[in-house]
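In: Dropping the sequence and predicted coords here.
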Amino acid sequence: MNTRSRTRLNQTPEWTALGKHREQLGTTHLRQLFADDPRRGTGFTLRVGDLHVDYSKHLVTDETLRLLRELAAATGVAELRDAMFRGEKINTTEDRAVLHTALRAPRDAVIEVDGENVVPGVHAVLDKMAAFSDRVRSGEWTGHTGRRIKNVVNIGIGGSDLGPAMAYEVLRSFTDRELTVRFVSNVDGADLHEAVRDLDPAETLFVIASKTFTTIETITNATSARNWLLTGLNAGQDAVAKHFVALSTNAGKVAEFGIDTANMFEFWDWVGGRYSYDSAIGLSLMIAIGPDRFREMLDGFHLVDEHFRTAPAEENVPLLLGLLGVWYGAFFDAQSHAVLPYSHYLSKFTAYLQQLDMESNGKSVDRDGNPVDWQTGPVVWGTPGTNGQHAYYQLIHQGTKVIPADFIGFAEPVADLLPGLVAQHDLLMANFFAQTQALAFGKTPDEVRAEGVAEELVPHKTFKGNHPTTTILADRLTPSVLGQLIALYEHKVFVQGAVWNIDSFDQWGVELGKVLAKKIEPVLTGGQGGEQLDSSTAALVEAYRARRGR
Ligand SMILES: O=P(O)(O)OC[C@H]1O[C@H](O)[C@H](O)[C@@H](O)[C@@H]1O
């Protein structure tokens with residue numbers, strides 16, 4: 001997509017108007033905004049699918065939102081969105097379409113890439129995954145010695161790990177509790193060691209997940225897993241077929257590794273790694289939760305896709321959340337964004353979003369290669385409440401940084417909690433509601449004094465408030481709701497990339513470290529190349545070699 005004719009973001013009249021508006025807003029407090037509009041708490045809310053989204057505790061007025069929508073219009077967000085859904089090659093630096101939305105399109109949809117409808121292929125793979133998952137779950141698929149598969153070990157990294165690993169945790173209460181499912185990503189041998197040390201190879205299936213099938217960490221771990229299996233079974237290569245399947249776009253490399261391509265589940269170059277867990281990359285998850293639940297999750301994704309594609313700007317939740325992030329980055333100098341789920345099952349949710357957001361929008365040149373002189377993607381961070389409250393929330397409440405935060409909670413606890421633990425849900429949710437209240441409204445010096453606090457302690461016990469938060473509340477954490485949440489964040493990230501005019505779908509920034517590691521590895525084991533290292537790295541490598549006796 002040619003963007004050369006586009007006015008630079010910070011030279012558009014819409015950007016200038018927002019800057020002026022920001023000055024007018026000054027230090028206006030959320031207390032004031034709520035006092036001015038008694039209906040703000042119900043009026044500044046939107047709904048998409050099962051998600052109730054409250055954005056009333058943001059430092060915005062109707063005018064702010066209008067100006068932000070004008071910025072979105074001026075920067076062509078809707079046009080780029082439509083181009084994405086149509087299958088145009090909007091990932092220009094890799095010359096690829098961006099079609100994760102096709103992964104959850106209904107069977108009768110028609111989405112073309114280079115003149116070919118990709119939807120039948122998507123469903124053929126989903127059907128193949130479902131048939132395989134059913135065979136593993138029923139015990140029909142057996143290992144080399146005829147034993148039933150009881151353990152599934154997913155080996156992958158980045159997008160080939162974070163998505164399925166996160167979703168497995170989120171949907172744990174929907175999993176087959178008889179199956180052990182583990183995820184190995186780190187090239188540190190300790191990761192694979194801990195994953196397999198108590199498993200019986202005869203009952204273990206390895207799912208090797210790699211879009212490229214060239215990622216060094218994954219191929220190294222997969223090779224070690226194969227050795228562990230064959231040694232444990234005291235078997236030859238022919239045992240691999242019953243214990244290894246591959247999820248990849250690269251059939252050649254899969255065959256080269258020794259996995260029968262009949263046991264390969266395919267996806268395509270128009271699925272980015274960090275947008276891939278609803279593709280074949282979700283196989284371990286599908287084995288754990290079953291095909292029906294997996295399809296419910298895809299329907300959840302699709303529901304939000306359709307909302308993003310068709311809802312008017314005023315009601316479009318991903319558009320709103322994306323624009324709010326643009327607002328804080330540009331005009332409040334916010335450097336980070338916290339995602340704070342009040343569900344233990346969402347423990348890996350923020351780690352997943354880190355790749356989704358930071359690998360997508362951690363860019364400093366625009367789509368034409370010019371340096372940007374505006375903020376792009378924030379540092380995304382956070383862990384489940386209430387743990388964070390007893391650790392880093394201090395800084396959010398009383399520190400010097402502006403940290404917009406998303407609070408995600410559920411009206412009901414998951415279905416299979418032990419009955420005695422269900423009552424704890426009210427306490428969890430009381431914290432959930434209390435935190436956004438405290439962050440927004442704080443506590444004034446007068447309120448502190450009224451409690452009889454000694455004057456010298458008043459500044460310490462004052463909460464200035466005015467910290468912006470979004471609250472996302474759903475009834476229950478189901479597969480569909482997970483799909484809705486992920487699609488919401490995917491499209492939020494899209495909106496921001498579109499406004500900032502960056503390519504959200506490449507990741508050139510991860511390459512340099514990989515190249516340098518390849519050069520350093522032989523030096524560690526006594527080979528040549530050390531003389532080319534800078535003095536710091538050379539000294540560190542030398543210390544390492546000395547310690548290892550080389
Ligand atoms: O799935 P793979 O090809 O093994 O890639 C795994 C990961 O590694 C790369 O370095 C990219 O930064 C990620 O976007 C990708 O998800």
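Out: Ah, there it is.
In: Tell me the helix or strand right after the longest helix seen in the chain.
Out: The residue-count maximum for a helix in the chain (DSSP state H) belongs to helix 479-500. Following helix 479-500 in sequence order, the next helix or strand is helix 511-524 (DSSP states H and E).
In: That following helix packs against which elements?
Out: helix 216-233, helix 535-547 (3 or more Cβ pairs under 8 Å, 6 or more residues apart in numbering; DSSP states H and E). Yep, even glycine has a C-beta here, placed from its N, CA and C like the rest.
In: any residue of the longest one up close to the ligand?
Out: Which is helix 216-233. Yes - Helix 216-233 lies within reach of the ligand by Cβ under 6 Å from any ligand atom, at residue 218.
In: helices or strands up against the helix or strand following that helix?
Out: Downstream of helix 216-233, the first helix or strand assigned by DSSP H and E is helix 240-243. Secondary-structure packing of helix 240-243 (3+ Cβ pairs under 8 Å, 6+ apart): strand 204-209, helix 216-233.
In: List the buried residues for helix 240-243?
Out: Within helix 240-243, the residues scored as buried using 16 or more other Cβ atoms under 10 Å are 240, 242-243.
In: can you put the helices and strands packed on helix 511-524 in TSV and add mean pLDDT and mean neighbour count?
Out: Formatted as TSV, the helices and strands packed on helix 511-524 follow (pLDDT from 0 to 100; neighbours: other Cβ atoms under 10 Å):
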stretch	mean pLDDT	mean neighbour count
helix 216-233	98	18
helix 535-547	95	12
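In: Count the neighbours of the closest residue to the ligand within the stretch 201-350 of the chain for me.
Out: Taking Cβ to the nearest ligand atom, the ligand has its nearest neighbour within the stretch 201-350 of the chain at residue 273, 2.6 Å off. Residues lying near residue 273 (other Cβ atoms under 10 Å) number 24.
In: got a list of what it touches?
Out: For residue 273, the contact set (Cβ atoms under 8 Å, 6 or more residues apart in numbering) comprises 158-160, 211, 507.
In: and the residues you listed, which two are the farthest apart?
Out: Based on Cβ to Cβ, the longest span within those runs between 160 and 507 and measures 13.3 Å.
In: could you check the distance from residue 134 over to residue 501?
Out: From residue 134 across to residue 501, the span is 46 Å (Cβ to Cβ, to the nearest Å).
In: more crowded one of those two?
Out: Legend: neighbour count by other Cβ under 10 Å for residue 134 and residue 501, higher for residue 501 (23 against 15).
In: thinking again about what came up before, the contacts of residue 273: which ones sit near the ligand?
Out: 158-160, 211, 507.
In: In a markdown table, list the residues you listed along with secondary structure and neighbour count.
Out: Converted to a markdown table, those look like this (DSSP: H, G, I helix; E, B strand; the rest coil; neighbours: other Cβ atoms under 10 Å):
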| residue | secondary structure | neighbour count |
| --- | --- | --- |
| 158 | helix | 21 |
| 159 | helix | 25 |
| 160 | helix | 30 |
| 211 | coil | 25 |
| 507 | coil | 21 |
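In: ok so, going back, next, format the buried residues of helix 240-243 as CSV and append pLDDT and distance to the ligand.
Out: Formatted as CSV, the buried residues of helix 240-243 follow (pLDDT from 0 to 100; distance: Cβ to the nearest ligand atom, whole Å):
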residue, pLDDT, distance to the ligand
240, 96, 19
242, 97, 23
243, 98, 20
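In: Closest residue of the stretch 401-550 of the chain to the ligand?
Out: residue 510 (3.9 Å).
In: Does that residue touch residue 358 like I think?
Out: No - taking Cβ atoms under 8 Å as the definition, residue 510 is not a contact partner of residue 358, at 10.8 Å.
In: more crowded one of the two?
Out: residue 358 (19 against 11).
In: Distance of that one relative to residue 239?
Out: Per Cβ to Cβ, residue 358 is found 40 Å from residue 239.
In: burial count for residue 391?
Out: 10.
In: Return the residues in contact with the closest residue in space to it that isn't next to it in sequence.
Out: Leaving aside its sequence neighbours, residue 391 sits nearest to residue 383 (Cβ to Cβ, 6 or more residues apart in numbering; 8.0 Å). Contact analysis of residue 383 by Cβ under 8 Å, 6+ apart lists 340, 347, 350, 391.
In: Now the phi/psi pair for the residue of the stretch 1-150 of the chain found nearest the ligand, please.
Out: Closest approach between the stretch 1-150 of the chain and the ligand, counting by Cβ to the nearest ligand atom: residue 94, at 11.4 Å. Backbone geometry at residue 94, expressed as degrees, to the nearest 10, gives phi -110, psi 0.
In: Which of the three states applies to residue 183?
Out: strand (DSSP: H, G, I helix; E, B strand; the rest coil).
In: Just give the nearest non-adjacent residue to residue 318, would you?
Out: Using Cβ to Cβ, 6+ apart and skipping residues adjacent in sequence, the residue nearest residue 318 is residue 491, 3.4 Å away.
In: from what I can see the one you found touches residue 304, true?
Out: Yes - assessed by Cβ under 8 Å, residue 491 is found in contact with residue 304 at 6.9 Å.
In: From the centroid of the chain, which residue is nearest?
Out: Closest to where the C-alpha atoms of the chain average out (Cα atoms, centre = their mean) is residue 353, at 2.6 Å.
In: Isn't residue 176 up against residue 290?
Out: Yes - when contacts are counted by Cβ under 8 Å, residue 176 is listed as touching residue 290 (7.2 Å).
In: which of the two has more neighbours?
Out: residue 290 (19 against 13).
In: that older thread, number of residues surrounding the residue nearest to residue 318?
Out: 24.
In: For the helix or strand bottoming out on mean pLDDT in the chain, output the C-alpha coordinates as PDB.
Out: In the chain, no helix or strand scores lower on mean pLDDT, DSSP states H and E than helix 419-422, which sits at a mean of 90. This file holds the C-alpha atoms of helix 419-422, laid out as PDB (Å, rounded to 0.1, in the frame of the first residue of the first chain):
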ATOM      1  CA  PRO A 419     -17.200 -25.300  46.000                       C
ATOM      2  CA  GLY A 420     -15.500 -23.900  49.100                       C
ATOM      3  CA  LEU A 421     -13.400 -21.600  46.900                       C
ATOM      4  CA  VAL A 422     -16.300 -20.000  44.900                       C
END
